[in-house]
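Engineer: coordinates for the following, if possible.
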Amino acid sequence: MTRRHAMVDSALGELTLVADDGALTGVYFDKHWYRPAHDGLGRRVEADCDDVLDAARDQVTDYLAGRRTDFDLPLTLRGTEDQRRVWQMLNTIEYGATVTYGALATALADGTTAQQVGQTVGRNPLSIVVPCHRVVSRGGRLTGYAGGLARKQFLLELEEPTDRTAARLF
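Structural biologist: Numbers count the residues shown, from 1 in each chain. Down below sits the predicted model:
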């Protein structure tokens, strides 16, 4: 197989799912900041005719409906070694938790700054699946989400523990 993509509807608008061989390589929103050029997506296919894209669509749909808290998909993260290191750290952030850009920079322990971590997080090619939305600024402020802050807010609220949601209501 080769690189291919499918366009799928979601609770967050249309998504472009990209796969190469047997792995998911991209999840992009409409108007995504760092979306690859159209010719970098491969041929267009229907998601239900492709095992990887079909599974990705189903799992993202279930996640956005609150029926799933993690993903079980074959993934390939394409980027520099430094980028992949940061993106792999994102997968260690538990569902419903957040971490700051500064905390990730500290954990890298290699002189990477919070701003550099933010730039790398923003270029995560597997939005939603590799949970870059769980990274916030110091003080918990929402900043810089390649799919837009409204989507980041939606994802964080989706994952918010019930007791915190209830506390916000009173």
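Engineer: in this protein, what helix or strand scores lowest on average pLDDT?
Structural biologist: helix 162-168 (a mean of 52; mean pLDDT, DSSP states H and E).
Engineer: what about residue 79, how many neighbours?
Structural biologist: Look at residue 79: counted by other C-beta atoms under 10 Å, it has 14 neighbours. Quick note: C-beta positions are derived from backbone N, CA and C, even for glycine.
Engineer: what are the phi and psi values for residue 135?
Structural biologist: As for residue 135, its main-chain torsions (degrees, to the nearest 10) stand at phi -100, psi 130.
Engineer: what of residue 30?
Structural biologist: Dihedral angles (degrees, to the nearest 10) for residue 30: phi -60, psi 140.
Engineer: switch to numbering from 38
Structural biologist: Fine by me, first position is 38 from now on; the one you just mentioned is residue 67.
Engineer: what's the distance between it and residue 189?
Structural biologist: 15 Å (C-beta to C-beta, to the nearest Å).
Engineer: who has more neighbours out of the two?
Structural biologist: Legend: neighbour count by other C-beta under 10 Å for residue 67 and residue 189, higher for residue 189 (21 against 13).
Engineer: just the element for that one, please.
Structural biologist: Element membership for residue 189 (DSSP states H and E) is helix 186-196.
Engineer: so what's the residue sitting nearest the centre point of the chain up against?
Structural biologist: In the chain, the residue lying closest to the centroid (C-alpha atoms, centre = their mean) is residue 164, at 2.0 Å. By C-beta atoms under 8 Å, 6 or more residues apart in numbering, the residues touching residue 164 are 64, 65, 66, 69, 170, 183, 184.
Engineer: in CSV: these, plus distance to residue 95.
Structural biologist: Below are the contacts of residue 164 laid out as CSV (distance: C-beta to C-beta, whole Å):
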residue, distance to residue 95
64, 13
65, 18
66, 18
69, 21
170, 20
183, 23
184, 20
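Engineer: elements contacting the host helix or strand of residue 93?
Structural biologist: Assigned by DSSP H and E, residue 93 falls within helix 88-101. When contacts are defined as 3 or more C-beta pairs under 8 Å, 6 or more residues apart in numbering; DSSP states H and E, helix 88-101 packs onto strand 41-45, strand 52-57, strand 60-66.
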